[in-house]
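[1] sequence? don't have it. structure:
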């Protein structure tokens, strides 16, 4: 394998021969010097390659030098190139080494390249999402996202969680909210032309109504009751008409599930999980985080460090609402017992009350999913949300109801078709155990770590209402 820019920058500048491959960020010319900044995406930094044109035409290799001069003259931003030379100490401030370049090969030209050396708005860059990872910001987002994905697997693998691939196509709504994308091979145009006739879903590919999954949790539970500890990490879909900076129609979810664990175990796991991820980012993504701290959101590094060293505050939903009601004038959405906490409430609890992360537990059953274990008061469930400063909710989880009769009763209250979930109820018939888990949207995590304001800017190709380009 050839050396990347990241590797070359780590070498001693001792004159060793190197080959640089990448894309031109900038080209600057003086009388006899040409400076080319090359980036290959392996790290935030680019490497400077310097051509000294003084000897051109004065050596036996004048013909080759002339060819180099021709390439340099025509070279523009965005072109892909290969440069050969020697790695030497740089006389310039801010860089310890550079390449004393001898030869250049143009691999791919870039005509009318849209990413010139100036600041582009994120809105504009979403229109050219296939090119935006070549910018400083989106290259850094991509590297942090990759690093965090690795850290997710590392965390769970070290704790004997088995990675399971839950289905993307499903017949069940794990959240019971109904906002699902339907999957079909039926000819919708023909059905529309026929007009008024009921759709025969038995003639569809899967022999019934099917959808893109909103969560892999239910299927993960089946494996947790066989392998004890599992986690799912994959794409999920919500057909919600929420055209905001916080919502996507397609996003990735991290969903651990463990048998013989109660809510207290899951809260401890969630706290350890966040601290491990933030520690990994601080240790391994320092150059990119420094960029985000300087140019995207001031204080993002300090915020991550504060969570790593914090002891998470615990509060019941009832106590949290009581505190919010005392400060009701601070909110646009007035808090009351039974309301779903809004982002402004969550930020107030973390930033003004606890001054750090908060885990809120025991939510009203009416605002939580059917599978959550009921508390003895039969008004609240064994649910928890992890709230962090600057963002609000970052993790949501619960202890699952392990008793079949209680679960069926709750499903009946909600008007759910228990026959469609018979396989799920079987888990309560065949060796049921207490079990618990949580879910975290991966893009929410990347947003928090990078400080990026819009969730559409932390996923390679955002899918939202009216937007499915690329």
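    That came through, no problem. Not measured: the values here are computed from a predicted model. Numbering: from 1, shown residues only.
[2] may I see the buried residues of stretch 415-431?
    By neighbour count on 16 or more other C-beta atoms under 10 Å, the buried set for stretch 415-431 is 416, 421, 424, 427, 428. Quick note: C-beta positions are derived from backbone N, CA and C, even for glycine.
[3] let me know the pLDDT of the closest residue to residue 378 other than its chain neighbours.
    Residue nearest to residue 378 in three dimensions, not counting chain neighbours: residue 365, with 7.8 Å by C-beta to C-beta, 6 or more residues apart in numbering. pLDDT recorded at residue 365 is 97.
[4] same question for residue 60.
    Residue 60 carries a pLDDT value of 47.
[5] all helices of this structure, in order?
    Per DSSP state H, the chain carries helices over the ranges 5-10, 62-74, 122-127, 136-158, 188-194, 217-227, 263-284, 286-295, 300-309, 317-326, 343-348, 404-413, 422-426, 442-450.
[6] hey, least reliable of those helices by pLDDT?
    Among these, helix 62-74 carries the lowest mean pLDDT (a mean of 76).
[7] and the two most separated of the buried residues of stretch 415-431?
    416 and 427 (16.0 Å; C-beta to C-beta).
[8] can you lay out the helices of the chain as TSV showing distance to residue 393?
    Shown next, in TSV, are the helices of the chain (distance: least, C-beta to C-beta, whole Å):
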stretch	distance to residue 393
helix 5-10	35
helix 62-74	53
helix 122-127	24
helix 136-158	18
helix 188-194	37
helix 217-227	17
helix 263-284	12
helix 286-295	21
helix 300-309	14
helix 317-326	12
helix 343-348	6
helix 404-413	23
helix 422-426	25
helix 442-450	8
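[9] just those: most buried one?
    Each of the helices of the chain was scored by mean neighbour count; the highest is helix 442-450, a mean of 24, by mean count of other C-beta atoms under 10 Å.
[10] quick one: that one to chain centroid distance?
    Computed by C-alpha atoms, centre = their mean, to the nearest Å, the separation of helix 442-450 from the middle of its chain amounts to 5 Å.
[11] residues in contact with it?
    140-141, 144-145, 148-149, 152, 233, 248, 251-254, 277-278, 281, 285, 288-289, 292, 296-297, 300, 304, 388, 390-391, 394, 452, 455, 458-459 (C-beta atoms under 8 Å, 6 or more residues apart in numbering).
[12] list of residues touching stretch 340-353?
    Counting by C-beta under 8 Å, 6+ apart, 246, 315, 317, 320, 323-324, 327, 330-333, 335, 356-358, 360, 367, 385, 387-393 sit against stretch 340-353.
[13] how about stretch 157-164: buried residues?
    In stretch 157-164, counting by 16+ other C-beta under 10 Å, buried: 161, 164.
[14] and it, how far from the chain's centre?
    From the chain centre to the centre of stretch 157-164 is a distance of 20 Å (C-alpha atoms, centre = their mean).
[15] show me what contacts the nearest residue to residue 301 once chain neighbours are set aside?
    Leaving aside its sequence neighbours, residue 301 sits nearest to residue 293 (C-beta to C-beta, 6+ apart; 4.8 Å). Shown in contact with residue 293 (C-beta under 8 Å, 6+ apart): 299, 300, 301, 451.
[16] just put the buried residues of stretch 415-431 in TSV and tack on distance to residue 228.
    Putting those into TSV (distance: C-beta to C-beta, whole Å) gives the following:
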residue	distance to residue 228
416	28
421	23
424	18
427	14
428	17
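[17] now do the residue nearest to residue 378 against residue 464, distance only.
    31 Å (C-beta to C-beta, to the nearest Å).
[18] equivalent analysis for residue 125, please.
    15 Å.
[19] how about residue 304?
    In terms of C-beta to C-beta, residue 304 sits 27 Å off from residue 464.
[20] now residue 351
    Distance of residue 351 to residue 464, given as C-beta to C-beta: 28 Å.
[21] likewise for residue 245?
    Counting by C-beta to C-beta, the separation of residue 245 from residue 464 is 10 Å.
[22] shared neighbours of the two, anything?
    Listed as contacting both residue 245 and residue 464 by C-beta under 8 Å, 6+ apart are residue 456.
[23] which one's more surrounded, these two?
    Taking other C-beta atoms under 10 Å, residue 245 and residue 464 do not tie; residue 464 has more neighbours (18 against 12).
[24] how near is the closest residue to residue 331 other than its chain neighbours to residue 287?
    Spatial nearest neighbour of residue 331, chain neighbours left out: residue 344 (5.4 Å); criterion: C-beta to C-beta, 6+ apart. The spacing between residue 344 and residue 287, counted by C-beta to C-beta, is 34 Å.
[25] what's the answer for residue 154, then?
    Distance of residue 154 to residue 287, computed by C-beta to C-beta: 20 Å.
[26] try residue 80
    Taken as C-beta to C-beta, the span from residue 80 to residue 287 is 23 Å.
[27] give me the buried entries from the contacts of stretch 340-353.
    246, 315, 317, 320, 323-324, 335, 356-358, 360, 385, 387-393.
[28] tell me which of the residues you listed fall in strands.
    Of the buried ones among the contacts of stretch 340-353, the ones assigned to strands by DSSP state E are 315, 358, 360, 385, 387, 388, 392, 393.
[29] show me the strands in the stretch 1-150 of the chain, by range?
    Assigned by DSSP state E, counting those that start in this stretch, the stretch 1-150 of the chain shows strands spanning 17-29, 33-39, 47-52, 80-89, 97-108.
[30] in the second one, what counts as buried?
    Buried residues in strand 33-39, counting neighbours by 16+ other C-beta under 10 Å, are found at 34, 35, 36, 37, 38, 39.
[31] that strand pairs with which strands?
    Strand 33-39 pairs in its sheet with strand 17-29 (antiparallel), strand 47-52 (antiparallel), by DSSP bridges.
[32] next one: the fourth one
    Listed by DSSP bridges, the sheet partners of strand 80-89 and their directions read strand 17-29 (antiparallel), strand 97-108 (antiparallel).
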